[in-house]
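A.B. asks: This is the structure alone, sequence omitted:
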DNA sequence: CAGTATCCAAAAGGATACTG
DNA sequence: CAGTATCCTTTTGGATACTG
């Protein structure tokens, strides 16, 4: 974990954005369209969401499928890597929800 | 998780830095001095480490204890909240180490 | 619908030197 | 030892308008 060459560092770097973990959480329930993800995240601009999704895709957490239609239907889905990250993130979420009293902010 | 008012967002925001999760990992084994944490993290500058620690402290993930001596001995330790976050982070680390082949970078 | 383009402000990161 | 101070670059985030 502490070693510079540990792959965990890369995973953490990608998860480090303000929205990355939230996007993974939003996709936990299955493939979602761009607009749906944006709505579920409450407050993310299209530009930032696009950048976040592209990076998650680049690192292999998410896949993007374009269904040829007019207008295009684009769905984002977790990969195995994405689901692997989603587990611990869900656990963190559950733990926090059960210990809100510990939060200082 | 998706709601703006969910405390998970705050937790994720703090964990969002490049070094935050790493610092929590470094403190998992018990209280550590500033210099030790810096060495274990490999590559963090004192300024950035200080900022990271201050923020973790501010949000209640870490405590800072100064032992009066010359030179001062300063130890950082996880709080209950910090340990609560450390669990899922350790799980993520273990999962990643067992599935390095999935990593694209 | 699913983005891109543009502009800007703020935050984060990093190197190095210095101090009680 | 445990930071601060300084300077600078890169990244991130956000608002808004526009397009195939």
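C.D. replies: Right, received. Where do you want to start? All values reported here derive from a predicted model rather than from experimental measurement. Numbers count the residues shown, from 1 in each chain, chains lettered A, B, ... in the order given.
A.B. asks: any idea what residue A:38 is structurally, helix, strand or coil?
C.D. replies: Using DSSP: H, G, I helix; E, B strand; the rest coil, the structure places residue A:38 in helix.
A.B. asks: helix/strand/coil for the residue lying closest to it once chain neighbours are set aside?
C.D. replies: Leaving aside its sequence neighbours, residue A:38 sits nearest to residue A:49 (Cβ to Cβ, 6 or more residues apart in numbering or on different chains; 5.5 Å). In this view, the C-beta of every residue, glycine as well, is placed from N, C-alpha and C. Using three-state DSSP, the three-state assignment for residue A:49 comes out as helix.
A.B. asks: residues near residue A:49, how many?
C.D. replies: 19 (other Cβ atoms under 10 Å in any protein chain shown).
A.B. asks: Next: residue A:16.
C.D. replies: 17.
A.B. asks: Distance-wise, check it relative to DNA strand C.
C.D. replies: Applying Cβ to the nearest atom of the strand, to the nearest Å, the value for residue A:16 to DNA strand C is 6 Å.
A.B. asks: Show the pLDDT at the residue nearest to that residue when sequence neighbours are not counted.
C.D. replies: Take residue A:16 and drop its neighbours on the chain: the residue closest to it by Cβ to Cβ, 6+ apart is residue B:16, 5.2 Å away. Predicted confidence (pLDDT) for residue B:16: 91.
A.B. asks: Report the contact partners of residue B:16.
C.D. replies: Neighbour list for residue B:16: A:16-18 [criterion: Cβ atoms under 8 Å, 6 or more residues apart in numbering or on different chains].
A.B. asks: Tell me the spatial nearest neighbour of the most centrally placed residue in chain A, not counting adjacent residues.
C.D. replies: Nearest to the mean C-alpha position of chain A, by Cα atoms, centre = their mean, lies residue A:24 at 2.5 Å. Excluding its sequence neighbours, the residue lying closest to residue A:24 (Cβ to Cβ, 6+ apart) is residue A:86, at 5.2 Å.
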